[in-house]
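> model the structure of this input:
(one chain, ligands or ions: 1)
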Amino acid sequence: MSLITAIKTTRPPAIQNVVSSLIILYILRNFCTHMSETHRARISEGILERMERLLTKVRTASLKSKNSGLRRKKSKEKQAASDPGDSKDAITTQPIENEHDELQPTKRVSRDFSISTTPPAIYGSTFSLAEGPELIAVEPLPKVSSRRSSMSKPGRKPSLQHVGFQSPELEPEEDYPAPVPAPGPAPSPARTDSTKTPKDHKGHRLPSIASLISNITSSRSNRPARVSRSTTTVRKLAAYKAVSDNFPTNRPAYIAIGSGSLMLQVVEKLSQYSYSQLADITFVSTGVASEHIMASYKLRPITSLSLLSPETKIDVYFDTADKVDDNLNCIRGRTGNLHLERMVALRSECFVCIIDYNKRVPTLFTMGKSMAVEITPESYFYAIKKLRAVGAIATLRHGEPVISGPCITQRGTYIIDASWPALGNADSEVEVLAEILKGLYGVVDHGLFYAGKGGWNGRPHKVYVGLSDGAVNSLG
Ligand SMILES: O=C(CO)[C@H](O)[C@H](O)COP(=O)(O)O
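Numbering: from 1, shown residues only. Take a look at the predicted model:
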């Protein structure tokens, strides 16, 4: 509003109306750019026509005004020549419209466009009425556009060039024409004319797109064939090999399936055996998840260890581990079924552990990972305090979301995730920690599966390690 008021106070009425209408129409036109294509096209056409007519009027009015101003000026000059003493007054009392006949070089009238007398040279959407003594152009202010499109406009440079930077990846190839070969010995194909070669702001020569592409393709062709496999693949290969190597031959047989993420692959492989090979096998699970997997493959699991007679031994137990050290001692039970896993392991003739190479460590706790310690809910405050007292960084495992409270296992117990500094290589170190944990009231079980002087405590008999190249290493 203040702009229109300013125009009113400083321009002749004809120009005031025209310029005000022009501004309103232009604002309307900009508003129209937010409308649908069809509406915009239709409305814009009408507006443009009106603008053309109005601008013609502006130009005519401006011309008339200027001419009358010039006439008045000349008559004043004549008058001043005849009466030099009045010349100062003549300048100060000049009619106000004379000032506005000369439009300001660039007068901003809104945030989005300006009215300018400068030639509309560079912006594609400039509306101009180029004929006449004064060039009046309504120029949209330059909008931020994609770098490539702004570069394609004649006379414009990408802004980064202003600080001396040229990105070879973004420059169009034609910006850097191939050098004309000089007479004489043929130049090396990698060299280009130094005057045409793009350079960075420090003057270092930048490679052309062609050379970058050729470098990439040649380095690809020289690259050795990729041999590493994904972790999922190598784990699956290890699981399949573990099953085929350890499928029991005696009948009746008992096979336990653990709670690790590879149990799907183990069950998948087992299901490939014939009906007669599977007929006399009883399957034992260490958790609800593996029970469901077995049931979906029609492997008929038993749901409780107590259904096995006291003298029954499980022929083979397949499961995973979190970490396995050089002596095959391991940390297990991240899934929270560690006590049942221990009981199954202790009743098994052969515990076959399946891992990928990422889980192999020289000594336990090397990687600073935590181990699950299963506790009774009642012992929580006491047990966590005691665990911290024996050097653990210990936290209660929460459910999801955290506000739902502690993570509660199938047996109604809690899990504390605890870590210690890396243990030494000797079996005794693992055994010492295990004995401390076993001696804490409230601790139901812990994740150390080991063999020490005191006896065998669930250390795997065999470990199948899926290696990065797809091979499977069998340990034990
Ligand atoms: O006790 C375990 C599975 O019964 C493992 O220690 C463990 O949780 C490994 O899980 P994943 O195979 O998913 O890495």
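
> state whether residue 298 is indeed within a helix.
No: counting by DSSP: H, G, I helix; E, B strand; the rest coil, residue 298 is not found in a helix; it is coil.

> what about the closest residue to it other than its chain neighbours, neighbour count?
The spatial neighbour of residue 298 that comes closest, neighbours along the chain excluded (Cβ to Cβ, 6 or more residues apart in numbering), is residue 271 at 7.7 Å. To be clear about C-beta, it is placed using only N, CA and C from the backbone, and glycine gets the same treatment. Neighbour count for residue 271, taken as other Cβ atoms under 10 Å: 13.

> what sits against residue 271?
By Cβ atoms under 8 Å, 6 or more residues apart in numbering, the residues touching residue 271 are 297-299.

> most neighbours out of these, which is it?
residue 299 (20 neighbours).

> please name the residues that touch that one.
Shown in contact with residue 299 (Cβ under 8 Å, 6+ apart): 267, 270-271, 278, 283.

> quick check: phi and psi on the closest residue to residue 329 other than its chain neighbours?
Ranked by Cβ to Cβ, 6+ apart and with sequence neighbours excluded, the top spatial neighbour of residue 329 is residue 450, at 4.1 Å. The phi/psi pair for residue 450 (degrees, to the nearest 10) reads phi -150, psi 170.

> how many neighbouring residues does residue 450 have?
For residue 450, using other Cβ under 10 Å, the count is 23.

> so it touches residue 427, yeah?
Yes: look at residue 450 against residue 427 with Cβ atoms under 8 Å: they come within range, at 6.7 Å.

> now the common contact residues for the two.
Both residue 450 and residue 427 are contacted by residue 329, under the criterion Cβ under 8 Å, 6+ apart.

> could you pull out the buried residues of stretch 381-389?
By neighbour count on 16 or more other Cβ atoms under 10 Å, the buried set for stretch 381-389 is 383-384, 386-387.

> need the residues that contact it.
373, 375-376, 394, 396, 416, 418, 440-443.

> let's see it at 6 Å
Stretch 381-389 has contacts (Cβ atoms under 6 Å, 6 or more residues apart in numbering) with 375, 394, 418, 440, 442-443.

> check what pLDDT the residue in the stretch 351-476 of the chain that the ligand sits nearest to gets.
Relative to the ligand, the nearest point of the stretch 351-476 of the chain is residue 447 (6.9 Å; Cβ to the nearest ligand atom). At residue 447, the model reports a pLDDT of 97.

> number of nearby residues for it?
26.

> got the contact list for it?
Contacts for residue 447 were tallied using Cβ under 6 Å, 6+ apart; they are 331-333, 338, 371-372.

> taking those residues one by one, which sit in strands?
331, 371-372 (DSSP state E).

> what's the farthest-apart pair in the buried residues of stretch 381-389?
384 and 386 (7.4 Å; Cβ to Cβ).

> what about residue 262, neighbour count?
Counted by other Cβ under 10 Å, the residues lying close to residue 262 total 25.

> one more: residue 27?
When neighbours are defined as other Cβ under 10 Å, residue 27 has 14 of them.

> mind checking the SS state of it?
helix.

> from the ligand, how far out is it?
Distance, residue 27 to the ligand, using Cβ to the nearest ligand atom, to the nearest Å: 63 Å.

> repeat that for residue 251.
Separation of residue 251 from the ligand (Cβ to the nearest ligand atom): 27 Å.

> and the residue nearest to that residue when sequence neighbours are not counted, backbone torsions?
Leaving aside its chain neighbours, residue 251 sits nearest to residue 280 (4.3 Å; criterion: Cβ to Cβ, 6+ apart). Per-residue torsions, residue 280: phi -100, psi 30 (degrees, to the nearest 10).

> worst-scoring helix or strand of the chain, pLDDT-wise?
strand 127-129 (a mean of 32; mean pLDDT, DSSP states H and E).

> quick one on the thing from earlier: with residue 465 as the reference, measure out to the residue nearest to residue 329.
Distance of residue 450 to residue 465, given as Cβ to Cβ, to the nearest Å: 18 Å.

> same deal with residue 407?
Between residue 407 and residue 465 the computed distance is 29 Å (Cβ to Cβ).

> so is the stretch of helix or strand residue 418 belongs to next to the ligand?
Using DSSP states H and E, the element containing residue 418 is strand 414-419. No: using Cβ under 6 Å from any ligand atom, strand 414-419 stays clear of the ligand, with a minimum separation of 11.2 Å.

> export stretch 454-472 as PDB, just CAs?
In PDB, the C-alpha atoms belonging to stretch 454-472 read as follows (Å, rounded to 0.1, in the frame of the first residue of the first chain):
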ATOM      1  CA  GLY A 454      35.400 -78.000  36.700                       C
ATOM      2  CA  GLY A 455      33.900 -79.700  33.700                       C
ATOM      3  CA  TRP A 456      32.100 -79.200  30.500                       C
ATOM      4  CA  ASN A 457      29.500 -76.400  30.600                       C
ATOM      5  CA  GLY A 458      28.000 -76.500  27.100                       C
ATOM      6  CA  ARG A 459      31.000 -75.600  24.900                       C
ATOM      7  CA  PRO A 460      30.300 -76.600  21.300                       C
ATOM      8  CA  HIS A 461      31.700 -79.900  20.100                       C
ATOM      9  CA  LYS A 462      31.900 -78.500  16.600                       C
ATOM     10  CA  VAL A 463      31.800 -75.000  15.200                       C
ATOM     11  CA  TYR A 464      30.900 -74.400  11.500                       C
ATOM     12  CA  VAL A 465      32.200 -71.000  10.400                       C
ATOM     13  CA  GLY A 466      30.900 -69.400   7.200                       C
ATOM     14  CA  LEU A 467      33.800 -67.600   5.600                       C
ATOM     15  CA  SER A 468      33.600 -64.500   3.400                       C
ATOM     16  CA  ASP A 469      34.400 -66.400   0.200                       C
ATOM     17  CA  GLY A 470      31.600 -68.900   0.700                       C
ATOM     18  CA  ALA A 471      33.800 -71.600   2.100                       C
ATOM     19  CA  VAL A 472      32.800 -73.300   5.400                       C
END
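
> quick one: average pLDDT of it?
Averaged over stretch 454-472, pLDDT sits at 96.

> can you list contacts of that stretch?
If you take Cβ under 6 Å, 6+ apart as the criterion, stretch 454-472 is touched by 227-229, 234-235, 237-238, 241-242, 324, 328-329, 342, 345, 350-357, 360, 449-451, 473-476.

> how about stretch 410-430?
By Cβ under 6 Å, 6+ apart, the surrounding residues in contact with stretch 410-430 are 327, 329, 336, 363-366, 370-375, 377, 387, 391-397, 406-407, 444, 448, 450, 452.

> mind exporting the C-alpha coordinates of stretch 326-333 to PDB?
In PDB, the C-alpha atoms belonging to stretch 326-333 read as follows (Å, rounded to 0.1, in the frame of the first residue of the first chain):
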ATOM      1  CA  ASP A 326      40.000 -69.600  19.800                       C
ATOM      2  CA  ASN A 327      39.200 -72.400  22.400                       C
ATOM      3  CA  LEU A 328      35.600 -72.700  21.100                       C
ATOM      4  CA  ASN A 329      34.300 -71.200  24.400                       C
ATOM      5  CA  CYS A 330      31.400 -68.900  23.500                       C
ATOM      6  CA  ILE A 331      28.900 -66.300  24.500                       C
ATOM      7  CA  ARG A 332      25.400 -67.300  23.800                       C
ATOM      8  CA  GLY A 333      21.800 -66.400  24.700                       C
END
